[in-house]
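Colleague: Take this sequence and fold it.
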Amino acid sequence: MSEQNLTRLTKKISSLEKNQQKLKDEVSNLKEASKPLIERPCSKYNRKDLILRKTVVYPEFDRKTVLTDSHWHYIELFLRAGKEEHCHKAANYWNQAKNFYTATANLDLVAKPLTTYYCFLNATKALLTYKRINFDLQHGVSGKHEAGQIKLQNEYVSIQKKGVLAGLCEYLNEPVSFTPRDVNIFGSNQAEVLVRGISNKTREFVSAAERQAFENNVREYLINRKNTKPFPETHTLKNILYNLEFIHRAYKLTFNSEPELFIPIVKPRFVFDKNNNESWLEFQLEEGDSNARTLTNIDTFDRDDFYKRISIIYVAEKPLHGLVKIMGSILKALKVIIEQ
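Modeller: Predicted structure coming up:
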């Protein structure tokens, strides 16, 4: 056999060996992928899995789930069963919310927002009344338009100290914040009127030569008089819409330069490691978001190496030591899922 043929045969054998190794690796990967996924055990309370479909405030994990074809009817029966006066008052608010909900279903699209608003308003009143949370009957929200072009960023929404919304914030342990600011007591026009009045009253005590200087000093004093007032928590309408997860995608299509706020997740669970007595929140990222770039946008969470062999990323919160602490972290976990 000539040297040229021998070289050609050697290259062919080498190529066949590489292809054989590649096929072996593919078979090995397929076998690994076909194995059933072993997930971390779920955290439990009284032998029941801790899940996220529970109340945010004062969760009762040992209560059974009620199956009903009408949440409206069930809650009404629950409230009517109470003997205290606040239960009947809450039931009346709930009934009003139900009526607005029914009316909304039969209205044209452009009219739905108004009745939907009153539905939510009365449902919130029912909750706060039943929970004995003090609140003002006004909704507690005010709006202001900044002069100039009509833009979302020029529309301001303020949460007032009193009202239904402030009561709901108190119940959710997220009280309305106020910022103290120094404001002028007298406006320039009001100060000018006062200067003229003071000048007339003091004419016999101040000489003509000193009158101009006297009026200037009084004017400066009045204009610079300040008082500290609390200003309510205020947000632009643009920022509010940006932070609503159910319209965030539509918002992004309009304002495409804004960064993403929300990341789609799958199977959020509380999991438990009995060896280290640690518990934490775990969830999957959707396939399109299973990458290192997405992970950099999730604070306090890291990739869980327990699931190394699959392509979809599992994300885990920093562990909580002991199951007891997980009870206090329910609200925090829900906020992470909704806001992050």
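Colleague: Show me how far the helix or strand hosting Tyr221 is from its chain's centre.
Modeller: Secondary structure assignment for Tyr221, by DSSP states H and E: helix 208-223. Computed by C-alpha atoms, centre = their mean, to the nearest Å, the separation of helix 208-223 from the middle of its chain amounts to 53 Å.
Colleague: which of the residues in it are buried?
Modeller: Within helix 208-223, the residues that count as buried by 16 or more other C-beta atoms under 10 Å are 214-215, 218-219, 222-223. Backbone N, C-alpha and C define where each C-beta goes, glycine included.
Colleague: Residues touching stretch 118-129, excluding its own?
Modeller: Contact with stretch 118-129 is made by 75, 79, 86, 89-91, 93-94, 96-97, 100-101, 104, 135, 139, 164-165, 167-168, 171, as judged by C-beta atoms under 8 Å, 6 or more residues apart in numbering.
Colleague: nope, stretch 148-166 is what I meant
Modeller: Here stretch 148-166 makes contact (C-beta under 8 Å, 6+ apart) with 121, 124-125, 128, 135-146, 169, 175-176, 178, 230, 232-241.
Colleague: Can you say which of the residues you listed are buried?
Modeller: Buried among the contacts of stretch 148-166 by 16+ other C-beta under 10 Å: 121, 124-125, 128, 135, 139-140, 169, 176, 232-233, 236-238.
Colleague: Please enumerate the helices of the stretch 51-200 of the chain.
Modeller: For the stretch 51-200 of the chain, the helices defined by DSSP state H, counting those that start in this stretch occupy 71-80, 85-105, 112-130, 164-171, 188-201.
Colleague: Comparing those helices, which comes out most buried?
Modeller: helix 164-171 (a mean of 20; mean count of other C-beta atoms under 10 Å).
Colleague: So what's the residue count around Thr296?
Modeller: Other residues lying near Thr296 total 8 when counted by other C-beta atoms under 10 Å.
Colleague: and what of Phe246?
Modeller: 7.
Colleague: and Leu163, what are its phi and psi?
Modeller: Heads up, residue 163 is Gly, not Leu. phi 140, psi 180 (degrees, to the nearest 10).
Colleague: give me every residue that touches the nearest residue to it once chain neighbours are set aside.
Modeller: Here the nearest residue to Gly163 in space, its sequence neighbours aside, is Gly140; by C-beta to C-beta, 6 or more residues apart in numbering that works out to 1.5 Å. Residues near Gly140 by C-beta under 8 Å, 6+ apart: 159-167.
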